[in-house]
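A.B. asks: Everything below, folded, please.
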Amino acid sequence: AIVRHGAVLLALDRMWPTMRKHAVSAGAIAVLTDSSDYPNAMSLNAETLPAEGIVDYVCSQQDGAYIIGTSGSRGCPKQIRIAHGAIGNHFGWMRRVRPLHLEDRVLVWTTACFDVGMWERFAPLGDGATVVIASGLGARDLERIAEIVVRNRITVFQTTPTLLRVLLENPILQEASWPI
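C.D. replies: Modelled structure (predicted):
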């Protein structure tokens, strides 16, 4: 829906402090949310949807697809616009380095505010793999992450080397009888 209307996705994290939410979303025309944390919030319900007519915007490789917020070099959040062509290049590279298959089950546990989180959400869908969403985790609950990996037979998830070492030491993950 975002692309069809020529808009750009700006992912926001519910866990951010209010000041950061305001700083990151300040340039947005509207924020579709169920939260009152944003001064430019617009509730998404039947009344806000257009009654008729579909907009079909044909995007180019240079058009923005999404915006990620960085912490900024001086602590002030700034936004980086990622173009459709850049996403295509990244997904193409990932397909060559680590191809996904129909039987893959990809764990989405990275915030959508980080570019890695975009790959987790969208690349599996383009390759026919299954997406398993574990929202609100981050690196906060390693026990729960291990349980989700085992219960959902996750075959692909992204993490840092340090966190991977800790997860692999977890007895729950040692129960896995398939390649992770």
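A.B. asks: is it true that Pro13 touches Thr111?
C.D. replies: That one is not Pro; residue 13 is Asp. Yes. The pair Asp13 / Thr111 is scored as a contact, 5.2 Å apart, by Cβ atoms under 8 Å. C-beta: built from backbone N, CA, C; applies to glycine.
A.B. asks: More neighbours: which of those two?
C.D. replies: Thr111 (20 against 16; other Cβ atoms under 10 Å).
A.B. asks: just checking, that one is part of a helix?
C.D. replies: No. Thr111 is assigned coil when assessed by DSSP: H, G, I helix; E, B strand; the rest coil, not a helix.
A.B. asks: and the gap between it and Arg105?
C.D. replies: 20 Å (Cβ to Cβ, to the nearest Å).
A.B. asks: ditto for Arg98
C.D. replies: Separation of Arg98 from Arg105 (Cβ to Cβ): 14 Å.
A.B. asks: any residues in contact with both of those two?
C.D. replies: Val156 (Cβ atoms under 8 Å, 6 or more residues apart in numbering).
A.B. asks: Which one's more surrounded, these two?
C.D. replies: Arg105 (19 against 11).
A.B. asks: isn't that one right up against Arg151?
C.D. replies: No. With contact defined as Cβ under 8 Å, Arg105 does not reach Arg151; the gap is 10.8 Å.
A.B. asks: what do the two both touch?
C.D. replies: Counting by Cβ under 8 Å, 6+ apart, nothing touches both Arg105 and Arg151.
A.B. asks: how close does Met15 get to Gly6?
C.D. replies: Taken as Cβ to Cβ, the span from Met15 to Gly6 is 30 Å.
A.B. asks: swap in Gln61?
C.D. replies: With Cβ to Cβ as the criterion, Gln61 and Gly6 are 14 Å apart.
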